[in-house]
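Novice: Just to be clear, the model below is a prediction. Sequence and coordinates:
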Amino acid sequence: MTKGEFRAAFARFVKERGVSVLITVDAEGRAVPRPMGDLRVDDGLTVWYATGASSRKCAHIAANAKVTVYWQRPQEGVGGWQYAWLYGAAEVLTDQATRDAFWNDEMAEYFAGGSTDPNYAVIKVTPARIEGVLGGGLETEGLDL
């Protein structure tokens, strides 16, 4: 698979998932994974999440912006798994324009104050490298962005 084909396959794969695992690093250097609903994965492969501004993940990101995002699914027809991950830098955004742009009414369950809820924040993950096993074999492919 060429680099361009891999990037396109990666983009299709992650945009179909809807849920990923966001992995931050805590103060002791431990990887801390948690499942997250993807708000959006844009064409540049930037990943966006809604979260509570007071969450542990936001504290982790403030101390160490390096994160990994991971997706997986069973591989159809041949058994095994397909998976992809992205290494990048995360930032927690609390400006009102960003919060309004990503707000949807389903989030009201978690943020009663709507897009102006003081605990509502958006995490932006800017990719630096993508890797994955997306073909029929077990070869990991990767691409620096």
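Specialist: It's in. Residues are numbered from 1 along each chain as shown.

Novice: Can you tell me what sits against stretch 13-24?
Specialist: If you take CB atoms under 8 Å, 6 or more residues apart in numbering as the criterion, stretch 13-24 is touched by 31-38, 41, 45, 47, 49, 56-57, 60-61, 64, 67-71, 73, 82, 84, 86, 90, 123, 125, 132, 134. Glycine gets a C-beta too; all of them are placed from N, C-alpha and C.

Novice: Can you give me the end-to-end span of it?
Specialist: 22 Å (CA to CA, to the nearest Å).

Novice: that older thread, in ChimeraX, how would I select just the buried ones from the contacts of stretch 13-24?
Specialist: Buried subset of those, written as a ChimeraX selection, criterion 16 or more other CB atoms under 10 Å:
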select :36,38,41,45,47,49,57,60,61,67,68,69,70,71,82,84,86,90,123,125,132,134
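
Novice: and Gly80, how many neighbours?
Specialist: 11 (other CB atoms under 10 Å).

Novice: picking up where we left off before, return the subset of the contacts of stretch 13-24 lying in strands.
Specialist: Within these, residues falling in strands by DSSP state E are 31-37, 41, 47, 49, 67-71, 73, 82, 84, 86, 90, 123, 125, 132.

Novice: chain center to the longest helix seen in the chain, what's the gap?
Specialist: The helix spanning the most residues in the chain, taking DSSP state H as the definition, is helix 3-17. Helix 3-17 has its C-alpha centroid displaced from the chain centroid by 14 Å (CA atoms, centre = their mean, to the nearest Å).

Novice: Quick check: next helix or strand after that helix?
Specialist: strand 19-25 (DSSP states H and E).

Novice: mind listing what that following strand pairs with, with the direction of each?
Specialist: Neighbouring strands of strand 19-25 in its sheet, by DSSP bridges, are strand 31-37 (antiparallel), strand 66-74 (antiparallel).

Novice: Of all the residues in that strand, which ones are buried?
Specialist: 20, 22-25.

Novice: Rebuild those as JSON lines, extending it with distance to Gly4.
Specialist: Below are the buried residues of strand 19-25 laid out as JSON lines (distance: CB to CB, whole Å):
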{"residue": "Ser20", "distance to Gly4": "23"}
{"residue": "Leu22", "distance to Gly4": "27"}
{"residue": "Ile23", "distance to Gly4": "27"}
{"residue": "Thr24", "distance to Gly4": "31"}
{"residue": "Val25", "distance to Gly4": "31"}
